[in-house]
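Q: Turn this into a model:
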Amino acid sequence: MFPENLGRIGQLLLSNEELIVSDKLRALGYDVLYNPEIVVHHRVHAERAKQSWLRRRVFWQAISDLFAPSTVRTIQADPNADIHRVLDYLTRLAPRDRGPMGLFLDLDDPQLFIEQTEAIAAFVRFLAGDSGDWRRILADVLSENSAMRK
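A: Below is the predicted model of the structure:
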C-alpha cells in the first residue's frame, strides 16, 4: 500500500508515504494509533548529524508535504506567513549573511539553527506552493518592513 513515488529514491529524500498508508487504513475501517511509550532504536549515520544533511532533509520534507494528499497534509502553505518567517530569520543574521545563502550557513546557536530550518521549509512552501504572484507578496512584505522601520 506504500506509494512508490514517495520515500527514498536515489538522492531524493521524499517522505510521507506512511501518512498515505495510514489514511488508506483508516478508509478501510482500521484505527491507526500513536503510542509514545513504544521505543524504536534507529542507527543514525554520522553524516546525518551534520547541519548540511538536516537542512537538505528539511527541504525535502517541505516538498513531500506539498505533494501529500490534502487528507493527510499537516501544514497548509500561507505565503505571507512563510515569507515573513524567512525574512525574520535572515534579519537575525549578520548583515553580510542576510541573502539567500544565509539559509545554508552552519550555525553555532541551536535556536537559530531551528529558525533556519523553519525558514528553509517556509521558503520551499513559498516558492513551490500556490502563492500566486509571489513577487507582489514579497514586494508588499518588503514595503511593510521598510514602513515599520521609519
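Q: Spatially nearest residue to the spatially most central residue of the chain (excluding sequence neighbours)?
A: With distances taken as CA atoms, centre = their mean, the residue of the chain nearest its centroid is Ala121 (2.7 Å). Closest residue to Ala121 apart from its sequence neighbours, by CB to CB, 6 or more residues apart in numbering: Ala62 at 4.1 Å. C-beta here means a position set from N, CA and C on the backbone, and glycine is covered the same way.
Q: right, and that neighbour touches Phe126 too?
A: No: Ala62 sits out of contact with Phe126 when judged by CB atoms under 8 Å, with a separation of 9.7 Å.
Q: Show me where this structure has its strands.
A: With strands called from DSSP state E, the chain shows them at 8-9, 12-13.
Q: looking at the ones you listed, which one has the lowest mean pLDDT?
A: The weakest mean pLDDT among the strands of the chain belongs to strand 8-9, with a mean of 76.
Q: Quickly run through the sheet partners of it, with directions.
A: strand 12-13 (antiparallel) (DSSP bridges).
Q: what about Arg56, neighbour count?
A: 16 (other CB atoms under 10 Å).
Q: Please look at it and Glu47 and confirm they touch.
A: No: using CB under 8 Å as the test, Arg56 is too far from Glu47 to be in contact (10.4 Å).
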